[in-house]
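Q: Take a look and give me a structure for this.
(chains A, B, C, D, E and F)
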There are 4 protein chains.
Amino acid sequence: MSKGAGGRPRDAAREEALLSAVIELLDEVGYEGLTIDAVARRAQASKATVYRRWPSKEALICAALLNVTSSVVPVPDTGELVEDLRLMLRHSARALKRNRSRIAAIVAAVATRPELTESFDRLFLAGRRAAARGVYERALERGELAPGPDIDLLIDAAPALLLQRVLYQPDEPLDDAFVDRVVNGLILPALGEPRGAGQQRRKTP
Amino acid sequence: MSKGAGGRPRDAAREEALLSAVIELLDEVGYEGLTIDAVARRAQASKATVYRRWPSKEALICAALLNVTSSVVPVPDTGELVEDLRLMLRHSARALKRNRSRIAAIVAAVATRPELTESFDRLFLAGRRAAARGVYERALERGELAPGPDIDLLIDAAPALLLQRVLYQPDEPLDDAFVDRVVNGLILPALGEPRGAGQQRRKTP
Amino acid sequence: MSKGAGGRPRDAAREEALLSAVIELLDEVGYEGLTIDAVARRAQASKATVYRRWPSKEALICAALLNVTSSVVPVPDTGELVEDLRLMLRHSARALKRNRSRIAAIVAAVATRPELTESFDRLFLAGRRAAARGVYERALERGELAPGPDIDLLIDAAPALLLQRVLYQPDEPLDDAFVDRVVNGLILPALGEPRGAGQQRRKTP
Amino acid sequence: MSKGAGGRPRDAAREEALLSAVIELLDEVGYEGLTIDAVARRAQASKATVYRRWPSKEALICAALLNVTSSVVPVPDTGELVEDLRLMLRHSARALKRNRSRIAAIVAAVATRPELTESFDRLFLAGRRAAARGVYERALERGELAPGPDIDLLIDAAPALLLQRVLYQPDEPLDDAFVDRVVNGLILPALGEPRGAGQQRRKTP
DNA sequence: GATTAATCGAGACGGTACGTCAAGTCTTGAT
DNA sequence: ATCAAGACTTGACGTACCGTCTCGATTAATC
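A: The predicted model follows:
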């Protein structure tokens, strides 16, 4: 006796069309203005098709953002830890500024549905964490960095500061200068370098 | 002949009743479950009275939280910077854990209505910033701390980390040990102290 | 000890201003569109002043219509019953057509508040009844009309037909020809005249 | 490929349930007391379902009354015109008295929304008109009635008088005696019969 | 090829909250 | 006690959205 095997299979193209429609509408009308009806209409789909795939509006939004956002953060490899950090964080800062409204959308979605917290982590934290870990590990391998510093803490600290700025201090600058302040004033000291060392001498001889 | 300044004045007691009702309901049913109707009913008020005062559910919630949350963070004064920081952050961490749902509410409100960003700052950041600034300034006056470190950055860094944990990493601990990691692994080094110095020697002679 | 005699006396001008405002608004926005707030605003009065005088919106409307509508219907006196009836009814027909929307207003008001039924009678029926009675009585005195016909019934019949047309058959004509049909086809026969007699011979010799 | 004719079809049972609920509530709480919310609740429907079908409370009420009121008025056939008229009008008078509140409801609805005037005609006038026309035509066929009288006018006259009594003269009797006055004092004379002839001699030989 | 069963677009459905509006009452300070 | 102004409670309004459901029409895999 076969298990329920018959039936028309799901159309993968519908999925893609729906997720694209979410992104479009999110950029057009914002999180609050987005409705499932509008998404379905835009994608020429029916609401049933949406709910067959995602359990709620918030889950749909998270899925759409996960779909367009590359979770892979490019890991720079200049051979110098300080330069790698600077490049990585500048890249992050620019990405955050560019996607301010999308970030607000997912923050609202997560605040609304705690079960989606993991999506936030996957979208914004996991990638940066992995990239940062790679940068630090390579520095350790090179001997540029001595074991000891609380690397896990440092990995979280910079994104937390950037995210706070983009979400709650939109009037404060989020530019290369700010990234430099973070690197020089916070991270390098924590790594054992004298404050601001990175500006004068690049590599410990 | 005077221009129309007459009319029955707004009843401040209604305002207070409404804000209290918001807080009660927020604790009972959460941000998503809160409705203007329920708030009005609880406060024995009418919806018109609500809308006469606040333009949206989100603004109402911000007002209510601003009303109950003392913006004054107690500033410890043990005579030692490290101890002051530790006490202050432990207090913050506990407050954040205790009010997780209220924080989620305001985060959702702000993410939904960017114009309310300032409320968030007033609620969670301004008070802590002022308190931290007081702590650092006293240390400077005592000569315990030399000028130079990027104090403004440090002031923001710790709350950002705590807030990130409470909102997006609910499974990670947010306890005294974590606060110690932040102080020892991030702040003290940035202040020019060797990493973890605060644990061995307390005061610079 | 004196009974409550003190206090500022009511300003009769306010009353007139309010009633005028009702009529103006009734003509501008119709019965459904009329609000007490708008009436008060238009009359530079406060709502309290309205409710001090009339117990409800419907009563106010009736009062306003009673105020502008002369309850005295001009009684023609040509010396001939048929001519008097014809003139009187033509006048009625024109008045009804002209005030179609005001009539609809009071009909709605009365249908809503049965206690105002009397107002309707005073507005539309009493005056016409008195006028018609005068016409018939003069004819009796002149000997033009023999006792016998059910005059009270005839008095009501013509207005009922006209009112029905204006309210419920707005596409049917309500003109002199219709009035003639009513007089010739209904009233004259009931008075004992052969049908349509009034058109050939006017007075019974 | 067919154009959008798909979609879930409207449920006729919902329509019936809503119309029944209107009638029930109309009898329970009257026209003013009736709310769309209550109708929807009673019919286990949602307000959207109501508004999908009827544009206003007034239209809904008209639809409901049209649904329950048989537009077919029984046409008596005694073989005698006078008797037929008497029976028909007595039946009308009783029906009007019995449904006073429903009639007030539709009068208010029509006075409020002129576009519904046709409903009134269909509800109260068309059926009676058809019945009366049948009675008169049969009398003509029988030779009981000679051509000449303004039948269309007579058809309207009696209902207009009855309706006026029930709506605006609730204290005046609306009984068989009044019907007899109308028949004897108004209709028979207009048909060419001497006043009150119907009471003495029944059939013209 | 016929059967089967899940899919699809469309849109009606119950439910619920929204934000607005009007009615009628009450409060203030001034006349 | 009256007045204008306008806040107040009450409660219906009509709209909008959610998530579910029904309909008839596909559309593959299974028989």
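Q: can you tell me which helix or strand whichever residue of chain A sits closest to DNA strand E belongs to?
A: With Cβ to the nearest atom of the strand as the measure, residue A:7 is the residue of chain A nearest to DNA strand E, at 1.9 Å. Using the backbone N, CA and C atoms, a C-beta is placed for each residue, glycine as well. Using DSSP states H and E, residue A:7 sits in no helix or strand.
Q: residues contacting it?
A: Residues counted as contacts of residue A:7 (Cβ atoms under 8 Å, 6 or more residues apart in numbering or on different chains): none.
Q: end to end, how far does stretch A:60-80 reach?
A: Taking Cα to Cα, to the nearest Å, stretch A:60-80 runs 41 Å from one end to the other.
Q: Going by neighbour count, which residues in it are buried?
A: A:60, A:61, A:62, A:63, A:64, A:65, A:69, A:73, A:75, A:76, A:80 (16 or more other Cβ atoms under 10 Å in any protein chain shown).
Q: domain assignment for chain A?
A: For chain A, the structural domains run A:13-68, A:81-200, going by automatic domain parsing.
Q: Using TSV, lay out those domains together with distance to residue C:173 and mean pLDDT.
A: Formatted as TSV, those follow (distance: least, Cβ to Cβ, whole Å; pLDDT from 0 to 100):
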stretch	distance to residue C:173	mean pLDDT
domain A:13-68	50	95
domain A:81-200	65	90
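Q: just so I know, which of those lies nearest residue B:14?
A: Across these, residue B:14 has its closest neighbour in domain A:13-68 (27.5 Å, Cβ to Cβ).
Q: Let's have the domains of chain A in a markdown table, adding distance to chain B.
A: Shown next, in a markdown table, are these (distance: least, Cβ to the nearest Cβ, whole Å):
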| stretch | distance to chain B |
| --- | --- |
| domain A:13-68 | 5 |
| domain A:81-200 | 3 |
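Q: closest one to residue C:56 among those domains?
A: Closest among these, using Cβ to Cβ: domain A:13-68, at 41.5 Å.
Q: Are that closest one and DNA strand F in contact anywhere?
A: Yes: judged by Cβ under 7 Å from any atom of the strand, domain A:13-68 and DNA strand F are in contact via A:34, A:35, A:36, A:37, A:46, A:47, A:48, A:51, A:56, A:57.
Q: Pull the contacting residues for the fourth one.
A: Neighbouring residues of residue A:37 by Cβ under 8 Å, 6+ apart: residue A:47.
Q: re the thing from before, closest one to residue B:41 among the domains of chain A?
A: Closest among the domains of chain A, using Cβ to Cβ: domain A:81-200, at 23.0 Å.
Q: on that earlier part again, got the domains of chain A as CSV, with distance to residue D:169 columns?
A: Putting those into CSV (distance: least, Cβ to Cβ, whole Å) gives the following:
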stretch, distance to residue D:169
domain A:13-68, 54
domain A:81-200, 63
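Q: so where do the helices sit in chain A?
A: Using DSSP state H, the helices of chain A run over A:12-33, A:36-42, A:47-53, A:57-68, A:81-98, A:100-112, A:117-120, A:126-142, A:151-168, A:176-182, A:188-190, A:197-200.
Q: Let's have these in CSV, adding distance to residue C:112.
A: As requested, these are exported to CSV (distance: least, Cβ to Cβ, whole Å):
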stretch, distance to residue C:112
helix A:12-33, 41
helix A:36-42, 39
helix A:47-53, 42
helix A:57-68, 44
helix A:81-98, 61
helix A:100-112, 46
helix A:117-120, 56
helix A:126-142, 66
helix A:151-168, 55
helix A:176-182, 68
helix A:188-190, 78
helix A:197-200, 82
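Q: quick one: contacts for residue A:125?
A: Residues in contact with residue A:125 (Cβ under 8 Å, 6+ apart) are A:156, A:159, B:168, B:169.
Q: switch to 7 Å and redo it
A: A:159, B:168 (Cβ atoms under 7 Å, 6 or more residues apart in numbering or on different chains).
Q: Residues of chain A that sit close to DNA strand F?
A: Within chain A, the positions near DNA strand F by Cβ under 7 Å from any atom of the strand are A:2, A:5-9, A:34-37, A:46-48, A:51, A:56-57.
Q: Most neighbours out of those residues, which is it?
A: Within the residues of chain A next to DNA strand F, neighbour counts (other Cβ atoms under 10 Å in any protein chain shown) peak at residue A:34, which reaches 22 neighbours.
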